[in-house]
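Asker: turn this into a model:
(3 chains)
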Amino acid sequence: MVAEADLQTVDMLLNMGPQHPSTHGVFRIVLTIDGERIVDAEPHIGYLHRGTEKLCERENYRQIITLFDRLDYVANFNNELVFVMAAEKLMGLEVPERAQFIRVILAELNRISSHMLFYGAFGTDIGVLATPFMYGFRERERIQQLFEAVTGARMMHSYFRVGGVADDLPDGFTAHTRALLDELKRGVQECDRLLTYNEIFLERTVNVGAITGEEAIDFGVSGPVLRASGVPMDVRVAEPYLVYDRFDYEIPLGKNGDCWDRFWVRIEEMRQSIAIVEQALAMMPEGPFQAPVAKFGFVRPPRGDTYARAENPRGDFGVYLVSQGENTPYRVKIRGPSFCNLMALKRMTVGHYIADAVVILGSLDIVLGEVDR
Amino acid sequence: MIGFFKSLAVTLQSMLRKPVTVQYPGEHLPMSPRYLGFPGLLWDDAVDEPACTGCLVCARYCPTDCITVSMKDNPLHKEGKSKRRKIVDDFQIRMERCILCGICVEVCNFEAIAMTDYHEEADISRGDLIATKEDLFRMGRDYQKRAGIVVGAGSGSEGEE
Amino acid sequence: MTWADVGWLVLSVGLFLGFISFVVLFLTYAERKFIGRIQQRLGPMRTGPFGLLQPVADAIKLLSKEDLVPGRADRFLFWIAPLIVFVPAIVIWVSIPFTRDIVIENLELGIFFVLAVMGLSIAGILMAGWSSFNKYAMLGAVRAAAQLISYELPLLVAVLGVVMIAGSLDLQVIVAEQNTVWYIVLQPVAFLLFFTAGLAEVGRTPFDIPMAESELIGGPFVEYSGMHWSMFFMAEYANTFAIAVLTTLLFLGGWRGPAPATGWGQDVMMAFWFLTKASAVILVIFWIRATIPRLRIDQLMSLAWKVLLPLAFANLVMTAFYLFYGWPDWSIVLLSLGLLMATVYGYYVRRRSRLPRPVTVKLRVRQGRIVG
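Answerer: Residues are numbered from 1 along each chain as shown, chains lettered A, B, ... in the order given. Predicted coordinates:
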């Protein structure tokens, strides 16, 4: 007999990505594995780098909105929102209330559609044959049809403008949205029942990739990932923007900070977003949808710098904007939540199995467009 | 085990529901009137000439620089039939670069360009993806007819955004 | 053996091969349609009416595809591995009876032969993984080896219970013995074990760990293409059908319908009931595939060795007592159900002690302020 300690084993390097079905884009992670167990994980990013921040220095304020659409390409409204908020802050612009409500409704609906994508991708990562994916996309499709009716585009909307929104809501928007919300409630309920308390799902996610609240804060993690670790941090409450201080809703918090908590927090956030949209629909005032600014939104904010942030579906999305008083910004720095959340990946994966690495990556819900920028 | 059977019940339920598939090339989803398809050039029917004067403002504000325009003197202006002194000579949009943002429509001073509802413009070579002036007018005039947009002096109408 | 015998043998083998190929092709179609409906889609619709010609289109595509061999692969093993997986999947059908009369060659050791030959395919999968010169393929092959060998045991021991009651390894006899009561009633534990281990044996969800699409991108078959890949594919579906057929034969009364099949057209009726039951089992397999997440490799192994195998032995011992002392039928049913209940209870106890319970809190926000 040979004792286990005498056996010579060699760690294996497993290159996951950039072409891999569950890296959610062009992301590469080099795993050092001992059998099935992960000894080291090294993420490599940058395959989708498009130089957005540099492009922002060339393009004017209206054109940059199209660039922000393409950062986090499943939460377009939320990205546009942060940029126009930064510009408005710099200009000291008062946005009409109706525009603010429109923005809240669209941003919250976008949060639902983004979480639905997470739900589908996570279900596939965990090994169900595309059923959650199809359910998620069924709901997303409904939301995108509403977006198309409002903005004319299903994903790359470029609808928010500095000082308001591009156009007023179309006729029948309220009825359309109410019907949509009813369907979404049923859809979320179905998605919830399909996976959340399934025993195999629990086995695969509970206690996998757990991270404590302190660690999460140290890594700069934000959004649902942070709240899953039990830290009550939500920009909508901590630093209210738009009209978020007028709604009643709940913030779901996890405790263990594992994959299950992150999943549950997102499922619950979808319900809360539905509640917010319902309240916003009821409270929406009439009035102008655009503050009087320069034609076509080609604004020239005064010299200075500012930082605006908002709660993206993925976390705390921030924009640092420096203006020299010209029609293009001097510098735009983007604080992407996916990028910061990804930093905790190594801490979460080491010690788990290969299959868990996929699940943990899925639970972080990164969008490579925003990680690589 | 309860969650296990709950999951099975969910899938069984959704099996009994009607499929949501739309069989695309045969049937289409309803398109919103605001739909942002490929841009097309509009036609001034009153004078029977392009509404575009080739002023380059769309080319200047295009975020992806996908528009190429050149202008020429308008022969109809010399004859006194048209108020446009200059008129578009050539107009090209590289469809593979166009991001359908609609900025060109917003900045156009003459309501000469509009986002049509054309969206099935896939082609097999890159060269075919460059929309020439004729392509743009074909799409634009067809859309104009269907959407009832009237371009021209004094009509005061607004193009669909 | 006369020439007539040889001719008959060749004809029947040809018929069976044709039938199995047809079943495999149809299963791929049925699975896509069924899972499509589960996901509220339509499934294949373009090829022929209701997409019925989809398997044909797939076959043509696979046949005309380039058969790629990776540069540093072990060419001989790479080439022969699909055959080693494919042949056992076909050979088992020699001794599987479809009705009382329709069988190529009924063996007295029928079930033994079938399970023994089915276990051979693991060699082919290991060869495929090793020869591909790909880390993913290698990992998949190692996983497959571990999984198939582990699940062989509970599968066999579960079948033993049935064999003991029937008193024969002959599948014809096993079905004939179920004339009063199906063995799913007498042996519910064995049925569950056989079905679970059977799923693992053919690598269907939730046990498709060797092929794990989201982790190993197809496992041992990742480097295969064209005809070689389709042989793996056909073997997988033939094996799935085999598991469904065996479940029907061993537990669901085989070709027995509600009315006794006699006289004219009895074979047709028997074949009808047989295929109906087998299809029902297959639909359940597809249903599970579309619903249940995949297990992790360590959970899979502990399920096999810590849960299924002890349960299988407990069932065996229970059946032995039942037969030796001649207990009434209801006693073994009750005992089996008790065993299952105890297992489920044990699972919940274990989960409570090993895994932290998901704790969730909701903070209420009123007018933008957290109120508790």
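
Asker: going by C-alpha atoms from here, please, whenever you check contacts or count neighbours.
Answerer: Fine.

Asker: can you show me the helices along the stretch 101-250 of chain C?
Answerer: C:110-118, C:121-131, C:135-166, C:171-177, C:183-186, C:188-202, C:213-216, C:226-251 (DSSP state H, counting those that start in this stretch).

Asker: adding mean neighbour count, mean pLDDT and distance to chain B, write the ones you listed out as CSV.
Answerer: Listed next are the helices of the stretch 101-250 of chain C as CSV, based on neighbours: other C-alpha atoms under 10 Å in any protein chain shown; pLDDT from 0 to 100; distance: least, C-alpha to the nearest C-alpha, whole Å:
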stretch, mean neighbour count, mean pLDDT, distance to chain B
helix C:110-118, 20, 86, 29
helix C:121-131, 24, 87, 30
helix C:135-166, 22, 87, 20
helix C:171-177, 21, 81, 30
helix C:183-186, 21, 80, 20
helix C:188-202, 24, 87, 14
helix C:213-216, 24, 74, 21
helix C:226-251, 23, 87, 19
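
Asker: residue C:75: which of those helices is closest?
Answerer: When the helices of the stretch 101-250 of chain C are compared by C-alpha to C-alpha, helix C:121-131 sits nearest residue C:75, at 7.3 Å.

Asker: so which elements touch the closest one?
Answerer: Counting contacts by 3 or more C-alpha pairs under 8 Å, 6 or more residues apart in numbering or on different chains; DSSP states H and E, helix C:121-131 packs against helix C:75-91, helix C:135-166.

Asker: now with 10 Å, please.
Answerer: Helices and strands touching helix C:121-131, by 3 or more C-alpha pairs under 10 Å, 6 or more residues apart in numbering or on different chains; DSSP states H and E, are helix C:75-91, helix C:135-166, helix C:226-251.

Asker: with respect to chain A, which of those lies nearest?
Answerer: Nearest to chain A, of all these, is helix C:135-166, at 7.1 Å by C-alpha to the nearest C-alpha.

Asker: so the closest one, near chain A or not?
Answerer: Yes. Using C-alpha under 10 Å from any C-alpha of the partner chain, helix C:135-166 comes into contact with chain A via C:135, C:136, C:139, C:142, C:143.

Asker: how close does the second one sit to residue C:214?
Answerer: Going from residue C:136 to residue C:214 by C-alpha to C-alpha, to the nearest Å gives 12 Å.

Asker: check the last one too.
Answerer: Taking C-alpha to C-alpha as the measure, residue C:143 and residue C:214 are separated by 15 Å.

Asker: mind listing the strands the top strand by length along chain C pairs with, and their directions?
Answerer: Secondary structure of chain C per DSSP state E: the longest strand is strand C:361-366. If you go by DSSP bridges, strand C:361-366 pairs up with strand A:249-253 (antiparallel), strand C:369-370 (antiparallel).

Asker: could I get these as TSV with mean neighbour count?
Answerer: Listed next are the strands paired with strand C:361-366 as TSV, based on neighbours: other C-alpha atoms under 10 Å in any protein chain shown:
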stretch	mean neighbour count
strand A:249-253	24
strand C:369-370	18
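
Asker: redo those strands as JSON lines? Include mean pLDDT and distance to residue A:225.
Answerer: Listed next are those as JSON lines, based on pLDDT from 0 to 100; distance: least, C-alpha to C-alpha, whole Å:
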{"stretch": "strand A:249-253", "mean pLDDT": "86", "distance to residue A:225": "10"}
{"stretch": "strand C:369-370", "mean pLDDT": "72", "distance to residue A:225": "19"}
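
Asker: nearest to residue C:299, of those?
Answerer: strand A:249-253 (28.1 Å).

Asker: look up how far residue A:355 lies from residue C:217.
Answerer: Residue C:217 is 12 Å from residue A:355, by C-alpha to C-alpha.

Asker: ok, the two, which is more surrounded?
Answerer: residue A:355 (24 against 18; other C-alpha atoms under 10 Å in any protein chain shown).

Asker: I figured the more buried one hits residue C:293, correct?
Answerer: No. The criterion here is C-alpha atoms under 10 Å, and residue A:355 misses it with residue C:293 at 12.0 Å.

Asker: now for the residue of the stretch 101-250 of chain A at minimum distance from chain C: which residues touch it?
Answerer: Using C-alpha to the nearest C-alpha, the single residue of the stretch 101-250 of chain A nearest to chain C is residue A:245, 3.7 Å away. Shown in contact with residue A:245 (C-alpha atoms under 10 Å, 6 or more residues apart in numbering or on different chains): A:236, A:237, A:239, C:365, C:366, C:367, C:368, C:369.

Asker: do the same with residue C:200
Answerer: Residue C:200 is in contact with C:144, C:147-148, C:150-152, C:155, C:194, C:206-209, C:300, C:304, counting by C-alpha under 10 Å, 6+ apart.

Asker: 8 Å - rerun?
Answerer: Taking C-alpha atoms under 8 Å, 6 or more residues apart in numbering or on different chains, we find residue C:200 in contact with C:147, C:148, C:151, C:206, C:207, C:208.

Asker: what's the answer for residue A:247, then?
Answerer: The contact partners of residue A:247, by C-alpha under 8 Å, 6+ apart, come to A:276, A:279, A:280, C:365, C:366, C:367, C:368.

Asker: which residues of chain B lie near chain C?
Answerer: Residues of chain B lying near chain C by C-alpha under 8 Å from any C-alpha of the partner chain: B:1, B:4, B:7-8, B:11-12, B:14-21.

Asker: of those residues, buried ones?
Answerer: For the residues of chain B next to chain C, a burial check counting by 16 or more other C-alpha atoms under 10 Å in any protein chain shown picks out B:4, B:7, B:8, B:11, B:12, B:14, B:15, B:19.

Asker: distance of the third one relative to residue C:214?
Answerer: Going back to what we said before, that points to residue B:8. Per C-alpha to C-alpha, residue B:8 is found 22 Å from residue C:214.

Asker: quick check: longest strand of chain B.
Answerer: Chain B, longest strand under DSSP E: strand B:86-94.
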